[in-house]
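S.K.: have a look; sequence and predicted model below, questions after that.
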There are 2 protein chains.
Amino acid sequence: MRDQFETDLQSVNDDLVEMTRLVGSAMSRATTALLDADLVLAESVITADEQVDDLQAGLEERALVLLARQAPVATDLRVLVAALRMSADLERMGDLARHIAKVARLRYPNSAIPPELRATILQMGQIAETLVMKTGSVIASRDIALVEELETDDDEMDQLHRSLFAKLLAPDWAHGVEGAIDITLCGRYYERYADHAVAVARRVVFLVTGERVGHGDPIPTQPAQGS
Amino acid sequence: MRDQFETDLQSVNDDLVEMTRLVGSAMSRATTALLDADLVLAESVITADEQVDDLQAGLEERALVLLARQAPVATDLRVLVAALRMSADLERMGDLARHIAKVARLRYPNSAIPPELRATILQMGQIAETLVMKTGSVIASRDIALVEELETDDDEMDQLHRSLFAKLLAPDWAHGVEGAIDITLCGRYYERYADHAVAVARRVVFLVTGERVGHGDPIPTQPAQGS
């Protein structure tokens, strides 16, 4: 019975990793769709989000069954409850990638991103992908040393986000209010995506060490007593 | 033992209702701070959010203890797990009220809201308050008939949100890109706040009826079989 439970827990974990892969791919394609005004790609991101939603609903259902049948305590219980929360974050990351794809679709056949912001948006997209890949590794391997890198990546995302605003507010901004609205919303979507990725990784830190980490806190390396 | 568990479940429910009260008050004050450029009020919202975070952390801890000690099954298990998810939504609503207060603080001593948008923002604030009050009632009373009203309120919020964009994009918009960024972000915060309020209420519907409702679905009235 214990073996079966271990297998079930592992399969919940595998689903979380699969969700990071799906929302990472969605974000990567959404960024390309946004930069290249690629309608087909944008539509594919919008449609594919259902898969993430289904995975999340299935994971939630299975976690509930495991909670009911196995009545886990201590670490196992925390792992399952954390998985529920992490899957909600990942599901939301899928939504945010979809929102970016929708901005791409809305402005087709134009790109919502003016030439002078392409490099920044491209970087934000790349950091988003890096973040979610690392989050996947943290979930898969419990290698919490990676979380410090995630925090640094997230800082970089915040800095890029601020630099977007600086460019919108520069006197030579030539894309009017509509352009500014698109950039403001897309910037927010990337930033929130990064926040969720970090939140998921921090939950793993809490599972491994028993310590809740906030922004800028050092990542603990000692397992918590009694865990 | 069952009596104690009932009491514990009730206390978790009471905390959720208390959270709706706190985030409702936060949103009400944030809206006033935004419209009246009231720095003291804005600061009070920003500081008070910690209380919501603490309530949420406490609720999560207690729910975990109850799950471990009581190993609830069926409805009790679903109630507890749903409470975890609802508390996360409510905590996020507190963050969104704080974000609005931060925009108010950023623009002090000016108001971020130009005169021609005051009425719309005031209405969005009022709908947000109405929504969270009704969500509190739904949690407290399990009166899921109210959820239909919530959906209507949320539709109204979406309409107001769209009307904000229409005003930003009108040829006579006179508040530049900075003004447009503020309005875009605030609009998004109100809209997300409403979404979370509705999501919480829908979770109660699921608990009561066993049916997941999406946007526009009729609210089921029959309890689910076997629940």
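M.R.: Thanks, I have it. Numbers count the residues shown, from 1 in each chain, chains lettered A, B, ... in the order given.
S.K.: pLDDT score for residue A:214?
M.R.: Predicted confidence (pLDDT) for residue A:214: 76.
S.K.: got phi/psi on it?
M.R.: Residue A:214 has phi and psi values of phi -100, psi -180 when expressed as degrees, to the nearest 10.
S.K.: wouldn't residue A:79 be in contact with residue A:207 here?
M.R.: Yes: taking contacts as Cβ atoms under 8 Å, residue A:79 lies within contact range of residue A:207: 6.0 Å. Placement of C-beta: from N, CA and C, glycine included.
S.K.: give me the number of residues near residue A:119?
M.R.: Neighbouring residues of residue A:119 were enumerated by other Cβ atoms under 10 Å in any protein chain shown; the total is 12.
S.K.: which SSE is immediately downstream of the strand or helix carrying it?
M.R.: Taking DSSP states H and E as the definition, residue A:119 sits inside helix A:115-141. Next in sequence after helix A:115-141, counting helices and strands by DSSP H and E, comes helix A:146-169.
S.K.: what residues does chain A put near chain B?
M.R.: Contact residues, chain A versus chain B (Cβ under 8 Å from any Cβ of the partner chain): A:63-64, A:67-68, A:71, A:73-74, A:77-78, A:81, A:84-85, A:88, A:165, A:168-169, A:173, A:177-178, A:180-181, A:184-185, A:188.
S.K.: mind checking which of the residues you listed land in strands?
M.R.: Helix and strand membership here follows DSSP state E; of the residues of chain A next to chain B, not one is in strands.
S.K.: tell me where chain A has helices.
M.R.: Per DSSP state H, chain A has helices spanning A:2-36, A:39-70, A:74-107, A:115-141, A:146-169, A:176-209. These are given in chain order.
S.K.: can you add mean pLDDT and give those helices back as JSON lines?
M.R.: Below are the helices of chain A laid out as JSON lines (pLDDT from 0 to 100):
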{"stretch": "helix A:2-36", "mean pLDDT": "96"}
{"stretch": "helix A:39-70", "mean pLDDT": "96"}
{"stretch": "helix A:74-107", "mean pLDDT": "96"}
{"stretch": "helix A:115-141", "mean pLDDT": "98"}
{"stretch": "helix A:146-169", "mean pLDDT": "97"}
{"stretch": "helix A:176-209", "mean pLDDT": "97"}
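S.K.: count of residues packed around residue A:140?
M.R.: For residue A:140, the tally of surrounding residues (other Cβ under 10 Å) stands at 14.
S.K.: same question for residue A:65.
M.R.: 12.
S.K.: list the residues that contact the residue in chain A positioned nearest to chain B.
M.R.: The nearest approach of chain A to chain B comes at residue A:71, 3.4 Å away (Cβ to the nearest Cβ). By Cβ atoms under 8 Å, 6 or more residues apart in numbering or on different chains, the contact list for residue A:71 reads B:71, B:73.
S.K.: for it, grab phi and psi.
M.R.: phi 40, psi 60.
S.K.: on the pLDDT front, check it for me.
M.R.: Predicted confidence (pLDDT) at residue A:71: the value is 92.
S.K.: and it, how far from residue A:178?
M.R.: With distances taken as Cβ to Cβ, to the nearest Å, residue A:71 is found 55 Å from residue A:178.
S.K.: list the buried residues in the helix holding residue A:119.
M.R.: Under the neighbour-count criterion of 16 or more other Cβ atoms under 10 Å in any protein chain shown, helix A:115-141 has A:117, A:120-121, A:123-125, A:127-132, A:134-139 buried.
S.K.: repeat for stretch A:167-175
M.R.: When neighbours are counted by 16+ other Cβ under 10 Å, the buried residues of stretch A:167-175 are found to be A:168, A:173, A:175.
S.K.: returning to what we had before: what packs against the helix holding residue A:119?
M.R.: Helix A:115-141 is packed against helix A:2-36, helix A:146-169, helix A:176-209, with contacts defined by 3 or more Cβ pairs under 8 Å, 6 or more residues apart in numbering or on different chains; DSSP states H and E.
S.K.: quick one: which of these is nearest residue B:26?
M.R.: Counting by Cβ to Cβ, residue B:26 lies closest to helix A:176-209 out of the helices and strands packed on helix A:115-141; the figure is 19.7 Å.
S.K.: that closest one versus helix A:74-107: what angle between them?
M.R.: Between the axis of helix A:176-209 and that of helix A:74-107 there is an angle of 170 degrees, by axes from the mean of the first three to the mean of the last three Cα atoms, to 10 degrees.
S.K.: name the helices or strands packed onto helix A:176-209?
M.R.: helix A:2-36, helix A:74-107, helix A:115-141, helix A:146-169, helix B:146-169, helix B:176-209.
S.K.: so who does the closest residue to residue A:216 other than its chain neighbours touch?
M.R.: If you skip the residues right next to it in sequence, residue A:216 has residue A:151 as its closest partner in space, 7.4 Å away by Cβ to Cβ, 6 or more residues apart in numbering or on different chains. Contact analysis of residue A:151 by Cβ under 8 Å, 6+ apart lists A:198, A:215-216, A:219.
S.K.: quick check: end-to-end length of stretch A:205-218?
M.R.: One end of stretch A:205-218 sits 11 Å from the other (Cα to Cα, to the nearest Å).
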